[in-house]
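In: could you look at this predicted model? Sequence included:
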Number of protein chains: 2
Amino acid sequence: MVSKLRTLTQDGDLVTLRRWLDETGTLDITDALARLAPDERAVPFRLLSKDRALAVFEALDPVHQQQLLEGLRDERVAELVRGLAPDDQARLLDEVPAAVATRLQAGLPADQRAAAAALLGYPAGSAGRIMTPDFTSVRASMTVADALAKLRRGGRRPTRAQTLVLPVTDDQRRLTGVVELAELVTAAPTTRIRDLLAPETLWVRADDDQERAARLIQEADLIALPVVDREHRLVGLITVDDAMEVVELEDTEDFSRAGGAEPLEQPYLAAGVFALARKRAPWLLLLAIAFTLTVTVLHSFENALAAVTMLAFFIPLLIGTGGNSGAQAATLVVRAMAVGEVRLTDLTRIIWRETRVGLLLGGLLAAVAFPVVALLYTVPMATVIALTLVCICTWASFTGGLLPLVAKRVGIDPAVVSTPLIATLVDATGLVIYFLVAYAVMSDQLGGLAALTG
Amino acid sequence: MVSKLRTLTQDGDLVTLRRWLDETGTLDITDALARLAPDERAVPFRLLSKDRALAVFEALDPVHQQQLLEGLRDERVAELVRGLAPDDQARLLDEVPAAVATRLQAGLPADQRAAAAALLGYPAGSAGRIMTPDFTSVRASMTVADALAKLRRGGRRPTRAQTLVLPVTDDQRRLTGVVELAELVTAAPTTRIRDLLAPETLWVRADDDQERAARLIQEADLIALPVVDREHRLVGLITVDDAMEVVELEDTEDFSRAGGAEPLEQPYLAAGVFALARKRAPWLLLLAIAFTLTVTVLHSFENALAAVTMLAFFIPLLIGTGGNSGAQAATLVVRAMAVGEVRLTDLTRIIWRETRVGLLLGGLLAAVAFPVVALLYTVPMATVIALTLVCICTWASFTGGLLPLVAKRVGIDPAVVSTPLIATLVDATGLVIYFLVAYAVMSDQLGGLAALTG
């Protein structure tokens, strides 16, 4: 698809290119455009019909939207930006450099400019940023016929948010309920809105976290969620498609952090090599510094290593297994927190579960490892390895269950403490466990635990 | 909330309990119930009004639904299951033991039983499993008034899927288009449906993967997606709320696998300690076995370790950093694949990017590490560490970018090769790199590379 589009564009055969564009779906065109080099995109985009161009532009990521705008004439730019929903306009304005944003805003009619500016007034990451201020509200005392008439009166084709769910307000514009369009069309025209209200009214405040709003939409299977201000006055609606986007972004953020990288905030292939390195360097450096703890620990057990070189052979296996065990626990707990299954008050329950799981897993690994190591190396060595596996797995699983909750408690994203961070922390403590066990078991070769203290 | 519910239930003060339930939101009740012990749930659940009970039951996870059913009388069970949408019925029937499923199905009216059985006939994970077969379709030749009349004719309150989007079919029941309810209510009653059709008709086949359907709904901002059979006959609709649930499950699966654990398939706190251990043991064991490679590598460099004990100190730091660097690359690529930004054809582009990113990151770490190690240890040691960091980071980043794509190519879930697996693979190769560099740099102490081969 991409290579086809690229070939047609480079050949300059505009007739064939236009035919190809007509026969191809909007999503496929969007996808192919995003994969072209930025300067290749303008030609095929200009050949799209007006409606098609807007649909493709809407579906593009803000980064690609911005790149595309750079190659277009000013009036075309204004037209495209005007065609976006207010929340998408705000998102684009937020991404482009300030000078470009001012130029884009200047091209908008006064009411759209005000709407976009209002959304940009809410803090980043808040529900207010992703809501649409473009809704139709009704009164509880209206009849179904009144409400449908009000919907039709809009004149131009209504947006989805304006029709799927109608918020119901009192005469101070305060939210009192919601009614779904589906209820309206199947009710008798003389029915009062108050008799069709959804049994429960869910809402969020404009300054609430947008993830909270998105998870609420997801859990309650909503189509749209009303957003209110501090005085409970209705200010907008968040629709389910925007909620899905938020959930995807939050999941991407968790997934990246769990892998020890900051989220990219742009599509992977759109990010340059330096941008990729910048997002990863701080974590990698921080973790490497944390790893210097392991150097210190090993340095302090230098005598043991010099006496029994064999001890060094098992270092990666033991700390790696500890890291994996801790990562498993942390991953499951972080995800359970993200989807709302687990919260801070479950702390003791989780730690108790994870400690037992770690003990079980460590016991299993020890049972497998003991005979193998006893056969290939020595029985004391096998004893050290088996005991260390039990201790390390239990400790790692305990730590992996505990740390995400601690992070949440002190206001850090729990995803940050998943895999790499846990692995690093468990590595240093795991080494201490390993050498303590070794001194206890191999007292004849290492001088016993007394050799450590004295 | 949970402790309040638990106290009220244990006190047996049913009047206060009932008042509390009346004043509390459906989602909060659902959440509190799920956190009670299974045998504590029946009492508060029985006190809910009929509508409320169904809403709470719908919002519960299938595991909790099943546990709750066990404590209720047969007629109540039948009533609750009857109240579920066909796709939710199928999901529940799929979870419960076969004997219970037969009993539950027996309690359903013939048409619902047939609908649930039809859904269960599609393979697990297919679009057919999550669609609702309960939709209202219209013909292109109908007027808006005809279509609205057909919607109202249903009699009982229509489901959401029946109203949000109306699929348009020909006289062979083949899908020809879709029209959104929002278009219907704002158009003149005499307008023909054919003039209101959405510009593009997207659809999936019933045996397509459900993740594909969900991502399509997400990318195209759909409210509902028609599902067709091999003859392009309409068989159902997938609504956006079910798509959100699929995306969440797929993300949970990726997240768990990336952390080295199989997904739980039930809420974290509902899974027993043995169930948790069973999901984690295979991976942990497999990775531990892979780690034995590191034992072999270290064993074969025994002489170097005996000659320069200091070499052992840096093992965790070097292989840990390699693992982290590989995990970062793998995580970003796996996520980009999951959300459709990257695919197999991007292979060379990704590898080239990741190799350069790894080189940059390795260079940065080497620049930081060299002076520190030179100061605290020796200059040759600092040279070994710096060179190894550059090589390991580049190699790990390359591997981390490559393996998810290779996994996908051979039909394995790319998430499987994230963090722990990459870390394990990079560990063994990283050690080889480390000792080769050491032999090259410290030839005076170790006898040089020649000592290895001869």
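Out: That came through, no problem. As the structure is a computational prediction, the values presented were derived from the model and not from experiment. Numbers count the residues shown, from 1 in each chain, chains lettered A, B, ... in the order given.

In: which outside residues touch stretch A:39-46?
Out: For stretch A:39-46, the surrounding residues in contact (Cβ atoms under 8 Å, 6 or more residues apart in numbering or on different chains) are A:5-6, A:8-10, A:14, A:17, A:21, A:29, A:33, A:36, A:53, A:56, A:64, A:67-68, A:71-72. (Each C-beta comes from the backbone N, C-alpha and C, glycine too.)

In: which members of those residues additionally contact chain B?
Out: Among the contacts of stretch A:39-46, not one lies near chain B by Cβ under 8 Å from any Cβ of the partner chain.

In: isn't residue A:263 right up against residue A:253?
Out: Yes. Counting by Cβ atoms under 8 Å, residue A:263 does reach residue A:253; the two are 4.4 Å apart.

In: just for the stretch 101-250 of chain A, where's the confidence low?
Out: Applying pLDDT under 70 to the stretch 101-250 of chain A picks out residues A:154-163.

In: let's see 80
Out: Within the stretch 101-250 of chain A, the stretches with pLDDT under 80 are A:103, A:107, A:117, A:134, A:153-164, A:182, A:199.

In: near chain B, which residues of it are found?
Out: So the stretch 101-250 of chain A meets chain B at A:148, A:151-152, A:154, A:157-158, A:160, A:162-164, A:180-186, A:199-200, A:202, A:216-223, A:240-241, A:243-245, A:247-248 (Cβ under 8 Å from any Cβ).

In: report the contact partners of residue A:199.
Out: Contacts of residue A:199 by Cβ under 8 Å, 6+ apart are B:26, B:51, B:55.

In: look up phi and psi at the last one.
Out: I take that to be residue B:55. Main-chain dihedrals, residue B:55, degrees, to the nearest 10: phi -60, psi -40.

In: that one - how many residues pack around it?
Out: Residues lying near residue B:55 (other Cβ atoms under 10 Å in any protein chain shown) number 19.

In: does it touch residue B:26 like I think?
Out: Yes. Between residue B:55 and residue B:26 there is a contact under Cβ under 8 Å: 4.9 Å.

In: report all helices and strands that the strand or helix carrying residue A:355 contacts.
Out: Assessed by DSSP states H and E, residue A:355 sits inside helix A:347-376. Contacts defined by 3 or more Cβ pairs under 8 Å, 6 or more residues apart in numbering or on different chains; DSSP states H and E place helix A:347-376 against helix A:315-338, helix A:379-409, helix B:273-300.

In: out of those, nearest to residue B:93?
Out: Among these, helix B:273-300 comes nearest to residue B:93, with 21.2 Å by Cβ to Cβ.

In: ok, and does the closest one reach over to chain A?
Out: Yes. Judged by Cβ under 8 Å from any Cβ, helix B:273-300 and chain A are in contact via B:273-274, B:276-277, B:280-281, B:283-285, B:287-288, B:291-292, B:294-295, B:298-299.

In: residues contacting residue A:112?
Out: By Cβ under 8 Å, 6+ apart, the neighbours of residue A:112 are A:82, A:86, A:89.

In: quick one: which of those sit in strands?
Out: Using DSSP state E, no member of the contacts of residue A:112 sits in strands.

In: please spell out the PyMOL selection for the buried subset of those residues.
Out: Here is the PyMOL command that selects the buried residues among these (16 or more other Cβ atoms under 10 Å in any protein chain shown):
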select buried, chain A and resi 86+89
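
In: within reach of chain B, which of the contacts of residue A:112 are there?
Out: Counting by Cβ under 8 Å from any Cβ, no member of these is near chain B.

In: how about the contacts of residue A:112 in JSON lines, adding pLDDT?
Out: Formatted as JSON lines, these follow (pLDDT from 0 to 100):
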{"residue": "A:82", "pLDDT": "83"}
{"residue": "A:86", "pLDDT": "80"}
{"residue": "A:89", "pLDDT": "85"}
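
In: of the contacts of residue A:112, closest to residue B:334?
Out: Closest approach to residue B:334 among those (Cβ to Cβ): residue A:89, at 32.3 Å.

In: quick one: the closest one and residue A:111 touch, right?
Out: No. Checked against Cβ under 8 Å, the pair residue A:89 and residue A:111 is beyond contact range at 11.8 Å.

In: returning to what we had before: could I get the helices and strands packed on helix A:347-376 as TSV with mean neighbour count and mean pLDDT?
Out: Shown next, in TSV, are the helices and strands packed on helix A:347-376 (neighbours: other Cβ atoms under 10 Å in any protein chain shown; pLDDT from 0 to 100):
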stretch	mean neighbour count	mean pLDDT
helix A:315-338	30	88
helix A:379-409	23	93
helix B:273-300	19	86
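
In: which among those helices is found nearest to residue A:230?
Out: Of all the helices and strands packed on helix A:347-376, helix A:379-409 comes closest under Cβ to Cβ, at 26.3 Å.

In: out of the helices and strands packed on helix A:347-376, which comes closest to residue A:139?
Out: Per Cβ to Cβ, nearest to residue A:139 of the helices and strands packed on helix A:347-376: helix A:315-338, 38.9 Å.

In: what about the closest one, near chain B?
Out: Yes. With Cβ under 8 Å from any Cβ as the criterion, chain B is reached by helix A:315-338 at A:315-317, A:319-321, A:323-325, A:327-328, A:330-336.

In: run the angle between that helix and helix A:273-300 for me.
Out: Here helix A:315-338 runs at an angle of 130 degrees relative to helix A:273-300 (axes from the mean of the first three to the mean of the last three Cα atoms, to 10 degrees).

In: report all helices and strands that helix A:315-338 contacts.
Out: By 3+ Cβ pairs under 8 Å, 6+ apart, helix A:315-338 packs against helix A:240-258, helix A:347-376, helix A:379-409, helix A:419-441, helix B:240-258, helix B:273-300, helix B:315-338, helix B:419-441.

In: if we go to 6 Å?
Out: Counting contacts by 3 or more Cβ pairs under 6 Å, 6 or more residues apart in numbering or on different chains; DSSP states H and E, helix A:315-338 packs against helix A:379-409, helix A:419-441, helix B:273-300, helix B:315-338.

In: how about the last one as CSV, C-alpha atoms only?
Out: What follows is the C-alpha trace of helix B:315-338 in CSV, where atoms were taken according to Å, rounded to 0.1, in the frame of the first residue of the first chain:
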residue,chain,number,x,y,z
ILE,B,315,29.0,-8.5,35.7
PRO,B,316,25.6,-7.4,37.0
LEU,B,317,26.1,-3.8,36.0
LEU,B,318,27.1,-4.7,32.4
ILE,B,319,24.5,-7.4,31.7
GLY,B,320,21.9,-5.5,33.6
THR,B,321,22.5,-2.4,31.5
GLY,B,322,22.4,-4.5,28.3
GLY,B,323,19.1,-6.0,29.4
ASN,B,324,17.6,-2.6,30.1
SER,B,325,18.7,-1.2,26.8
GLY,B,326,17.3,-4.2,24.9
ALA,B,327,14.1,-4.0,27.0
GLN,B,328,13.6,-0.4,26.0
ALA,B,329,13.9,-1.1,22.3
ALA,B,330,11.7,-4.2,22.5
THR,B,331,9.0,-2.4,24.6
LEU,B,332,8.7,0.5,22.1
VAL,B,333,8.6,-1.8,19.1
VAL,B,334,6.1,-4.2,20.6
ARG,B,335,3.8,-1.3,21.6
ALA,B,336,4.1,0.3,18.2
MET,B,337,3.2,-3.0,16.6
ALA,B,338,0.2,-3.5,18.9
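
In: alright, I will stop here.
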